[in-house]
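# my questions concern the predicted model and sequence given below.
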Amino acid sequence: MTLRFADPAHLPPGSPDGAVGAPQFEDPTQPPGWNKGIDAYKAAFGEEAWATYGKASYPRPLPEDSPAMRAALAELVDAARVAFGSKALRIRRRATHTAGIMARGKITVVSQPAFPEHPFFTPGRTFPCRLRHANASFYDDAAAVVRGCSLKFADSDFQSPLDMAMNSGPIGAFWNLESFMYFVNARVNVNPQEGDWESQREWMLKRPMGLIGTISSARIGPSSFAEINYYTKVVFRFEAKDGEPRYVKFRVRPVGLETESGLLPYENQIAAWDQSRAADDKRPLDYLRQEFRRRVYRSPGKPGVEYTLQMQLRDADPANDTQELLNMNQLWDQATWPWLDVAHIQLDEVFPDEVTRKTRVWLGHQPEGLSLIGALSPLDYRSLAYARAFVYPASQLSRALGTELEPPPPLGHDPWKIND
């Protein structure tokens, strides 16, 4: 496997907001103003906590490039490889996004693209595909968790010209490798069986964007995986045939979606660290997976599930660009950089679990005209995608080795089991 990164341009640091707050994100599938953001943080922790921690989320300023910072990045990447590799070996399944379901289908690039001519996304081009939905954590489909969508531009266990990893919500609870590992340390110390979420509460107190990003990205008791929008959040380099430098983000939207399902109500927003299902929700632990299977097969001879892949494309502006344009939690103005249709996705067959387990997604699968951007430190906004490109193969190898030694056990009926 060969990793190819675009040069990590030395953009000036810019001036990030202390917190994005409730994102002013106009989406017709979401009620206006539903994400209370900073107000929810203040209701949870108080004005004094906001005065203390309100500007504590993002690195201010971002460190200069140096051998010490690059060494710190390599050290934290190695730590993540060990942590997720050892978990995958122990449970013999994916270390995250463990409980899921995968379908086969076809991707067709739009016939009249509104984006510049591109060497990969050519009009009408088709690809076989695999698309997998999953809970980012925990076995309970009704829990208040992030939902995932991984897309492989091939019907293959591994080889693919392009793989994408997306999650619910336009912003998330972390924005670089350091903030992600901070979250991981909080997550491994919860005890949901006993209702103990204190370590996550402490994390959200000290990192307000942890709470605000969780409100944006977690979905509680949604009606279907296919009634949620999914975003890469990661910024990629987009290299069109005209040679002009650009940046791009992607998202997947269900065709015909009117109202996104599972948005956190206010009472959950002010206690977003507690990921328990609603007390009156009596649906089975795997109801989302059951529903998705039924949805794929609901109309014999017709695609059961359809999505639109879209991109948000932004011209490079060397005179004004800062590292903030790469911040996964800084939304790009949709009036200036609108979402453009890229391709139609249709799914018509659900895979058995043994095929799903063998399928591996890797962010190093980037075609001509797209690339990950290199990172310079663990605080660099590009560092999370950079790390994933190294961590995924280590975790996947561990999972494969563990499965060779002993088949993975059934997920069982404990909603929190896979957090072990």
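That came through fine. Bear in mind the structure is a predicted one, so any value in this text is a computation, not a measurement. Numbering: from 1, shown residues only.
# let me see the ranges of the strands in the stretch 51-200 of the chain.
100-109, 126-135, 144-152, 163-168 (DSSP state E, counting those that start in this stretch).
# looking at those strands, which is buried most?
strand 144-152 (a mean of 24; mean count of other CB atoms under 10 Å). Glycine gets a C-beta too; all of them are placed from N, C-alpha and C.
# what is that one packed up against?
strand 126-135, strand 163-168, strand 218-220, strand 230-231 (3 or more CB pairs under 8 Å, 6 or more residues apart in numbering; DSSP states H and E).
# cutoff 7 Å now
If contacts are counted by 3 or more CB pairs under 7 Å, 6 or more residues apart in numbering; DSSP states H and E, strand 144-152 sits against strand 126-135, strand 163-168, strand 218-220.
# residues contacting that strand, please?
97, 129-138, 160, 163-168, 217-220, 222, 225, 228, 230, 252, 264, 268, 275, 361 (CB atoms under 7 Å, 6 or more residues apart in numbering).
# show me what contacts residue 110?
Counted by CB under 7 Å, 6+ apart, residue 110 has contacts 123, 341, 342, 343.
# now it: how far from residue 226?
According to CB to CB, to the nearest Å, residue 110 stands 20 Å off from residue 226.
# count of residues packed around residue 258?
Residue 258 has 8 neighbours, counted by other CB atoms under 10 Å.
# residue 178 too?
The burial count for residue 178: 19, using other CB under 10 Å.
# so it sits against residue 378, correct?
Yes: contact criterion CB atoms under 7 Å: residue 178 and residue 378 qualify, at 4.4 Å.
# got any residues that touch both of the two?
Residues touching both residue 178 and residue 378 by CB under 7 Å, 6+ apart: residue 76.
# quickly note the distance from residue 250 to residue 234.
9 Å.
# now residue 323
Using CB to CB, we find residue 323 at a distance of 14 Å from residue 234.
# ranges for the helices of the stretch 151-300 of the chain?
Assigned by DSSP state H, counting those that start in this stretch, the stretch 151-300 of the chain shows helices spanning 177-187, 198-206, 208-217, 266-269, 287-296.
# residue 360 falls within a strand, correct?
No: assessed with DSSP: H, G, I helix; E, B strand; the rest coil, residue 360 is coil; it does not lie in a strand.
# ok, it touching residue 160?
No: Residue 360 lies out of contact with residue 160 (CB under 7 Å); the separation is 9.3 Å.
# grab the nearest non-local neighbour of residue 284.
Of all residues not flanking residue 284 in the chain, residue 290 sits nearest, at 6.9 Å (CB to CB, 6 or more residues apart in numbering).
# what about the residue nearest to residue 254 when sequence neighbours are not counted, neighbour count?
The shortest distance from residue 254 to any non-neighbouring residue, by CB to CB, 6+ apart, is to residue 226 (5.1 Å). Here the number of neighbours of residue 226 (other CB under 10 Å) works out to 22.
# any low-confidence regions in the stretch 251-400 of the chain?
Applying pLDDT under 70 to the stretch 251-400 of the chain picks out residues 301-303, 391-400.
# again, 80 this time
299-303, 390-400 (pLDDT under 80).
# what of the stretch 51-200 of the chain?
60-61, 80-99.
# now with 50?
For the stretch 51-200 of the chain, the stretches with pLDDT under 50 are 88-89, 95.
# quick one: contacts of stretch 348-361?
93, 100-105, 130, 132, 150, 152, 157-158, 163, 165, 293, 296, 303-304, 396, 408.
# whoops, I mixed them up, stretch 260-269
Counting by CB under 7 Å, 6+ apart, stretch 260-269 makes contact with 29-30, 34, 36, 40, 144, 215, 218-224, 227-229, 272, all of which sit outside it.
# pull out the buried members of those.
Neighbour-count burial (16 or more other CB atoms under 10 Å) applied to the contacts of stretch 260-269 gives 34, 36, 40, 144, 215, 218-222, 224, 227-229, 272.
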